[in-house]
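K.L.:
Okay, sequence plus prediction incoming.
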Amino acid sequence: MQIMVNIFANRNRKAQMKIQQMMFMILAVTFLFILVGVFFLAIRLSTLKQTATAIGEESAKLLVSKLANSPEFSCENAFGAKTSCVDFDKVMALKDLDEYSNFWGTAKIEIRKIFPSGNITCSLDNYPNCEIVNILDRKVNALPPSSNFISLCRKEKTERMVYDKCELALLMVSSEDKR
């Protein structure tokens, strides 16, 4: 009888050991899947940030192309039928309006005259004898700007006549860096 009890006790210990080993294996496999899932999620989130940045850059490039011909910037028919023509007077009127700060969805919009090149920022006091017009600067981390050449036109008046004066400029748009 004592021998029978020892045999059953020995079998119970072996069965308990097998059950414990199985539980540890199940926990280990579950933990491994959790680690793989967290690793995959971390990689996916980093690529998601890169994708968001790439989309922001692409949107800035498209905006540069469309901004010069938008009603807020374009010369329309005031200077004849010109493409990528920006009215300097409209730009100067827009530069101090806070209502447009979120309208275009960008971090910075700037126009730089190509010639004469300099660092004189435009204000109402020195207009039109300036080179840089900061239309929008939201003071956030911005990506490098996307740019396009434009004609920056305004009406110029001499003693005898009024004429159209157009200068070559660079329209630069930076999107917000979301990294």
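P.N.:
Thanks, I have the structure now. Numbers count the residues shown, from 1 in each chain.

K.L.:
any idea how far E99 is from S147?
P.N.:
Using CB to CB, to the nearest Å, S147 is found at 25 Å from E99. For the C-beta atoms, the positions are set from N, CA and C on the backbone; glycine is no exception.

K.L.:
Tell me which of those two has more neighbours.
P.N.:
Set S147 next to E99 and count neighbours by other CB atoms under 10 Å: S147 wins out with 18 against 7.

K.L.:
Let me see the contact set for the more buried one.
P.N.:
Residues in contact with S147, defined by CB atoms under 8 Å, 6 or more residues apart in numbering, are 64, 170-173.

K.L.:
Pick out the most distant pair among those residues.
P.N.:
Farthest-apart pair in those is L170 and V173; separation 10.6 Å (CB to CB).

K.L.:
Tell me which of those two has more neighbours.
P.N.:
Higher neighbour count among L170 and V173: V173, with 26 against 16, using other CB under 10 Å.

K.L.:
Centre of the chain to the lengthiest helix in the chain, how far?
P.N.:
Assignment by DSSP state H gives helix 2-67 as the longest helix of the chain. Relative to the chain's own centre, helix 2-67 is displaced by 33 Å; criterion: CA atoms, centre = their mean, to the nearest Å.

K.L.:
Just name whatever secondary elements that helix is in contact with.
P.N.:
Counting by 3 or more CB pairs under 8 Å, 6 or more residues apart in numbering; DSSP states H and E, the packing neighbours recorded for helix 2-67 are strand 146-157, strand 162-174.

K.L.:
Save the contacts of S147 as CSV, and put in distance to A54 too.
P.N.:
Putting the contacts of S147 into CSV (distance: CB to CB, whole Å) gives the following:
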residue, distance to A54
V64, 16
L170, 23
L171, 21
M172, 19
V173, 15
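
K.L.:
Tell me the buried residues in stretch 131-139?
P.N.:
Of the residues in stretch 131-139, 131-133, 135-136 count as buried by neighbour count, 16 or more other CB atoms under 10 Å.

K.L.:
got any ranges where this protein has weak pLDDT?
P.N.:
Regions of the chain meeting the criterion pLDDT under 70 cover residues 1-10, 78-81, 179.

K.L.:
what's near enough to touch D177?
P.N.:
By CB under 8 Å, 6+ apart, D177 lies in contact with 53, 56, 107, 140-143.

K.L.:
for those residues, which one is nearest T30?
P.N.:
T53 (35.3 Å).

K.L.:
Tell me how many other residues crowd that closest one.
P.N.:
Based on other CB under 10 Å, the number of other residues close to T53 is 16.

K.L.:
repeat for C122
P.N.:
Counted by other CB under 10 Å, the residues lying close to C122 total 21.
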